[in-house]
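>>> Need coordinates for the following:
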Amino acid sequence: MRSESTLLMPPRTIGASEAPSTRKHQGIPGVERLSSGRLFAVYYTGTLQGEGPGNYVVLSTSTDDGRSWREIQVVGPQGDDALNQRAFDSTLWLDPSGRLWWFWSQAYSNGLWDNTAPGNVWASICDAPDTDSPQWSSPR
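Model (predicted):
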């Protein structure tokens, strides 16, 4: 049985088991460029061949016009039911005060989200994105 309280738990930061070498697909990219030229990119991925349970979202940055990238953070569902959920459709927004917002969706899924399963949208904010080690708020 699904627990909506589990779904509403903040996503966890994911570790080495989600290394790039374990990923079988990626999709729905988003890019934001700061006035300094620093780029941020987001997308979702996972260890399955396509969309489905266990998908998570990745945040990367580039300071050389996209020639090289560094992953900053990877987040996904947590809790006892995490493998029955997926994170997906990530996007970025640079607000008028210069804060960078990172949004993503999270839902229960046996494949593609059918709009009837419980789901929500998360956000994390970076107040100073143009630093060597941008700090992100806890997901809310």
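
>>> Helix, strand, or coil at the residue nearest the centre of the chain?
Centroid-nearest residue in the chain: V57, 2.8 Å away (criterion: C-alpha atoms, centre = their mean). Counting by DSSP: H, G, I helix; E, B strand; the rest coil, the backbone at V57 sits in strand.

>>> isn't it right up against Y44?
Yes - counting by C-beta atoms under 8 Å, Y44 is a contact partner of V57 at 4.9 Å. C-beta here means a position set from N, CA and C on the backbone, and glycine is covered the same way.

>>> Between these two, which contacts overlap?
The contact sets of V57 and Y44 overlap at 87-88, 90, 104 (C-beta atoms under 8 Å, 6 or more residues apart in numbering).

>>> Which members of those are positioned in strands?
87-88, 90, 104 (DSSP state E).

>>> The residue nearest to K24 when sequence neighbours are not counted and N55, how far apart?
Distance criterion C-beta to C-beta, 6 or more residues apart in numbering; nearest residue to K24, sequence neighbours excluded, is Q49 at 5.1 Å. Q49 is 11 Å from N55, where distance means C-beta to C-beta, to the nearest Å.

>>> Tell me which of those two has more neighbours.
With neighbours defined as other C-beta atoms under 10 Å, Q49 and N55 compare such that N55 has more, 25 against 8.

>>> residues contacting that one?
By C-beta under 8 Å, 6+ apart, the neighbours of N55 are 44-46, 48, 76, 86-88, 109.

>>> 10 Å - rerun?
25-27, 44-48, 76-77, 85-89, 106-107, 109 (C-beta atoms under 10 Å, 6 or more residues apart in numbering).

>>> same question, V58
For V58, counting by C-beta under 10 Å, 6+ apart, the contacting residues are 14, 18, 20, 23, 26, 29, 41-45, 69, 71-76, 87, 90, 104.
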